[in-house]
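Novice: Sharing a model prediction with you, sequence too.
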Amino acid sequence: MNTSINRIAELVAKMKADNPELISLFLDQKLDDAALVARLREETAATMQQRFPKAWSYYTGEGQTEQDYYTLMSTSMAYLRMMDYLDHEGAVYEDLNLHGETVVSRPITLLRRVLLGQETSVHLDFLEDMAHLIGQLSGVEDRIIPARSQVEQWMASHPSGLDPEVIVWRAKNKERIVELLIKQIEGRKRKSSFYQFRDDMSHEQKRKQVLAWWKEDRFHLHFALRSAEELNRYLDNSMDAETLRIMKESERKGIPIFATPYFLSLIDTRPRAMQEHPGSDLALRSYLFYSQDLLEEFGSIVAWEKEDIAKPGEPNAAGWLLPSHNVHRRYPTVAIFIPDTMGRACGGLCSYCQRMYDFQAGRFNFELEKLRPKRTWEERLATNMEYFRNDPYLWDILITGGDAFMSSVKSLRSILDAVLEMARKKLEDNKQRSQEDQYATMRRVRLGTKIPVYLPQRVTKDLVQVLSDFKAEAEKLGIDQCVIQTHISSAMEITPDTKKAIKRLLDAGWAVTNQEVFTVAASRRGHTAKLRKVLNDIGVLPYYTFTVKGFKENRELFATNARSMQEQLEESSIGQVPQRYLATLRPFMREAKKMVEQINMVREGAAIPFLATDRNTINLPGVGKSNTFRTIGITDDGRRILEFEFDHTRPHSKVIEEMGSVVIIESKSIAHYLRQLEEMGENPAEYTSIWGYSAGSLSPRNPVFEGVVR
């Protein structure tokens, strides 16, 4: 308690020293609260118009382009936030982190009580945020963009799964897990029809046999760990007591556990003192282990993306009438297709999985045999293809799940063959239509997968042959882009096996792009920049860097939107592709076999460490992806309240355009986030400019991902 009181006193003293003129207004008891708000609005508006006209234009909506956003520096952005706070003082919001309880944004009233000594139970996280705002308004706190050399230094602190020393310790880890698998197979009461040893085999022969099986994807799926006790045993009993407790309770509550031996071999189980780079596997651990928040929320989790929920015969939240549960849709030109195959499962379960609400309802599981296609699937597949065929706008299909590569080779071939037939019929149908009545024809097909990380052994020659065959036929039908979208969040996930799998995909003519999930561990300084570089090294183009979505269940993993913007402007920026190379990028997706060569050509020519072709963004309920926001309020416990605009650079349904904006209350304060980083060994002082990022602008899509040039 004394520590809190002392810290409050320090922050109050700081504010008075940083901005005495502004603080004097808060202390003027001749003004009641309403008069104080009116006076502050009047003075803030006058200052913006006189000193920061571009910020005033941004505030009024007269100038809100991406270029206008980049003119907002620390002080002008602080004035923008102050005006938004004043405009929304006393506003009430539904907080879905609290299951719909209402919260009030009252930064002016609450800060005044603190300054007058009337409030003793103020949350320090709120006061920390407000103290930084006061310093930014006076110019005492300014934004300093780190030099490229500093960013590269941060990057160097994060190893890659391709580094020799990492390969060495993981090889030892693999040997330890192989020994456990030998014991498990020997001790099985019920013999597997395939994975068993002959009675006359020596231990060395058994070891060689398991190493041979290790190369097979079905072996890892067969022996995937499904319990907390097994998980801990395969991690060399390295789980701390609290993590083990949470995992056991999660298992009892029905949260699935599913981790392959291969993926567990990537986790560093050595004592921290013995690790060359302590914490290098934290991003991997953060989606392997569950949090107390997830444990408590499981059973009452609601879908983050409202448009993913649709009733038969009724349009979804984005206004689309869908043929079945297999189709999800947000945009006119794009549809997400989730087959009723093993593709509804994954090679592992990420703790931040957006389908967690489906797991709690029993709609998703890891009973792989039960997920094999039923006879009725062929009929449903045909129905869905007819829906795509008869849509006048659709030209881009993302086949995902689950995981597109979890479908058997046979199932995936049948799905892709159906897509080809649908695309062919779309072309034929257009021959009967006038020029102005032409329907959009298929131009892009994407497959969403995390298999190159969870189970690269599944990228077999048979799978690659299916992809290669599709690519050859697709080109004849005008499908210019065939894309694999991976989900890699750390350079430590990129192993020699992953590199080999990616090369096979590229050789099949499919471009590979990446969607990183920006967890707390992945958001450390230089971590995402290093990931971009290593992805480029193996021929992968970064596509999106996603802020963690979801409410309280994902609070432990959520990195604030302020950090996302800080990363975009301060770290990603050193890989910005010069304007003169943008036209060069356009054909990259169609020339996947030369991707490594193409990427290196631009990196060397532009003298940049990586191609920052990704956009930092978040999936929003009902309106798709955006990162264009303003901080319009703050809760009493310091969580920022953000208002997002939808992405005006791409077409939306009329429903979305009429919706206009979405308000999101973040699940944690910036102070909370910085404490987490400090616990991971980070220096919070390196993140100081984060407090000033109170608005965001979604960067334009890189030309390499735009519509195909004909």
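Specialist: Perfect, I can see it now. A quick note: this is a predicted structure, and the numbers were derived from the prediction, not measured.
Novice: sec struct for residue 131, please.
Specialist: Taken by DSSP: H, G, I helix; E, B strand; the rest coil, the conformation at residue 131 corresponds to helix.
Novice: Distance check, it against residue 122.
Specialist: 11 Å (C-beta to C-beta, to the nearest Å). C-betas here are computed from N, CA, C, even on glycine.
Novice: higher neighbour count, the two?
Specialist: The neighbour count for residue 131 versus residue 122, taken as other C-beta atoms under 10 Å, is higher for residue 131 (24 against 20).
Novice: For that one, give me its contacts.
Specialist: With contact taken as C-beta atoms under 8 Å, 6 or more residues apart in numbering, residue 131 is in contact with 11, 14-15, 18.
Novice: cutoff 7 Å now
Specialist: Shown in contact with residue 131 (C-beta atoms under 7 Å, 6 or more residues apart in numbering): 11, 14-15.
Novice: now the residues you listed in CSV, with neighbour count, pLDDT and distance to residue 96?
Specialist: What follows is the contacts of residue 131, written out as CSV (neighbours: other C-beta atoms under 10 Å; pLDDT from 0 to 100; distance: C-beta to C-beta, whole Å):
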residue, neighbour count, pLDDT, distance to residue 96
11, 19, 96, 30
14, 15, 97, 34
15, 24, 98, 32
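Novice: So which of these belong to helices?
Specialist: Among those, the members found in helices (DSSP state H) are 11, 14-15.
Novice: hey, where'd the helices end up in the stretch 501-650 of the chain?
Specialist: For the stretch 501-650 of the chain, applying DSSP state H, counting those that start in this stretch gives helices covering 527-537, 561-570, 582-585, 595-606.
Novice: who touches stretch 556-576?
Specialist: Defining contact as C-beta under 7 Å, 6+ apart, one finds that stretch 556-576 is touched by 145-146, 148, 151, 286, 291, 293, 351-352, 518-520, 523, 526, 528-529, 532, 547-548, 608-612, 616, 618, 627, 629, 642, 666-668, 670, 673, 689-690, 693-694, 696, 699.
Novice: the bottom helix or strand of this protein by mean pLDDT?
Specialist: helix 654-659 (a mean of 77; mean pLDDT, DSSP states H and E).
Novice: tell me the mean pLDDT for the next helix or strand after it?
Specialist: Next in sequence after helix 654-659, counting helices and strands by DSSP states H and E, comes strand 661-665. Averaged over strand 661-665, pLDDT sits at 92.
Novice: helices or strands up against the very next helix or strand once past strand 661-665?
Specialist: Under the assignment DSSP H and E, the closest C-terminal helix or strand after strand 661-665 is helix 670-679. The contact analysis (3 or more C-beta pairs under 7 Å, 6 or more residues apart in numbering; DSSP states H and E) places helix 670-679 against helix 124-138.
Novice: now the angle between helix 561-570 and the helix it packs on, please.
Specialist: 40 degrees (axes from the mean of the first three to the mean of the last three C-alpha atoms, to 10 degrees).
Novice: Give me the angle between helix 124-138 and helix 670-679.
Specialist: 110 degrees.
Novice: And helix 124-138, how far out from the chain middle?
Specialist: 28 Å (C-alpha atoms, centre = their mean, to the nearest Å).
Novice: quick revisit: residue 301: which of the helices of the stretch 501-650 of the chain is closest?
Specialist: Between residue 301 and the helices of the stretch 501-650 of the chain, the tightest spacing by C-beta to C-beta is seen for helix 561-570, at 21.1 Å.
Novice: quick one: buried residues of the closest one?
Specialist: 561-570 (16 or more other C-beta atoms under 10 Å).
Novice: Please apply the same query to stretch 668-682.
Specialist: Buried residues in stretch 668-682, counted by 16+ other C-beta under 10 Å: 668-674, 676-677, 682.
Novice: all strands for the stretch 101-250 of the chain, in order.
Specialist: Applying DSSP state E, counting those that start in this stretch to the stretch 101-250 of the chain gives strands spanning 101-104.
Novice: Break down it into its helices, ranges please.
Specialist: All helices of the stretch 101-250 of the chain, identified by DSSP H, counting those that start in this stretch, fall at 107-115, 124-138, 148-156, 164-186, 203-213, 217-222, 228-234, 241-253.
Novice: what comes up buried for the fourth one?
Specialist: Within helix 164-186, the residues that count as buried by 16+ other C-beta under 10 Å are 166, 170, 173-174, 177-178, 180-182, 184-185.
Novice: got it, and stretch 492-505?
Specialist: Result for stretch 492-505 [16+ other C-beta under 10 Å]: buried residues 492-495, 497-499, 501-505.
Novice: And stretch 581-595, by the same measure?
Specialist: Those would be 581, 584-586, 588-589, 592, 595, for stretch 581-595 by 16+ other C-beta under 10 Å.
Novice: mind saving the C-alpha coords of that stretch as CSV?
Specialist: Taking C-alpha atoms only, stretch 581-595 is exported to CSV below (Å, rounded to 0.1, in the frame of the first residue of the first chain):
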residue,chain,number,x,y,z
TYR,A,581,10.9,-1.4,-56.5
LEU,A,582,7.1,-1.7,-56.0
ALA,A,583,6.4,-2.6,-59.7
THR,A,584,9.2,-5.2,-59.4
LEU,A,585,7.3,-7.0,-56.6
ARG,A,586,4.0,-7.4,-58.5
PRO,A,587,4.9,-10.6,-60.5
PHE,A,588,6.6,-12.3,-57.5
MET,A,589,3.5,-14.3,-56.5
ARG,A,590,3.3,-15.9,-60.0
GLU,A,591,7.0,-16.8,-60.0
ALA,A,592,7.1,-18.7,-56.8
LYS,A,593,9.9,-21.0,-57.9
LYS,A,594,12.3,-18.0,-58.0
MET,A,595,11.0,-16.4,-54.8
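Novice: Offset the numbering so it begins at 48, please.
Specialist: In the new count, where the first residue is 48, that last one comes out as stretch 628-642.
Novice: Give me the below-cutoff pLDDT ranges for the stretch 98-247 of the chain.
Specialist: Counting by pLDDT under 70, the stretch 98-247 of the chain shows low-confidence ranges at 239.
Novice: mind checking how far the most far-flung residue of the chain relative to its centre is from residue 232?
Specialist: Most distant from the centre of the chain: residue 247, at 50.0 Å, with distances by C-alpha atoms, centre = their mean. Residue 247 is 15 Å from residue 232, where distance means C-beta to C-beta.
Novice: same question, residue 401
Specialist: 35 Å.
Novice: looking at it, residue 229 is touching residue 257, isn't it?
Specialist: Yes: with contact defined as C-beta atoms under 7 Å, residue 229 reaches residue 257; the gap is 5.9 Å.
Novice: picking that back up, report the two of the buried residues of helix 211-233 separated the most.
Specialist: Spanning the widest gap among the buried residues of helix 211-233 are 213 and 232, at 28.1 Å by C-beta to C-beta.
Novice: related to what we said a few turns ago, nearest to residue 268 among the buried residues of stretch 628-642?
Specialist: For those, the nearest to residue 268 is residue 639 (27.6 Å; C-beta to C-beta).
Novice: so who does the closest one touch?
Specialist: Per C-beta under 7 Å, 6+ apart, neighbours of residue 639: 553, 556-558.
Novice: The same query, at a cut-off of 10 Å, please.
Specialist: Counting by C-beta atoms under 10 Å, 6 or more residues apart in numbering, residue 639 makes contact with 518, 528-531, 552-559, 586, 588, 645.
Novice: I'd like to know which of those are buried.
Specialist: Buried among those (16+ other C-beta under 10 Å): 518, 528-531, 552-553, 555-559, 586, 588, 645.
Novice: still on that earlier bit, just curious, which of the buried residues of stretch 628-642 is nearest to residue 327?
Specialist: residue 642 (26.7 Å).
Novice: what are the phi and psi angles of the closest residue to the closest one other than its chain neighbours?
Specialist: Among residues not flanking residue 642 along the chain, residue 586 sits closest, at 4.0 Å (C-beta to C-beta, 6 or more residues apart in numbering). Residue 586 adopts backbone torsions of phi 100, psi 20, taken as degrees, to the nearest 10.
Novice: list the contacts for residue 586?
Specialist: Contacts of residue 586 by C-beta under 10 Å, 6+ apart are 546, 549-550, 552-554, 558-559, 635, 639-647.
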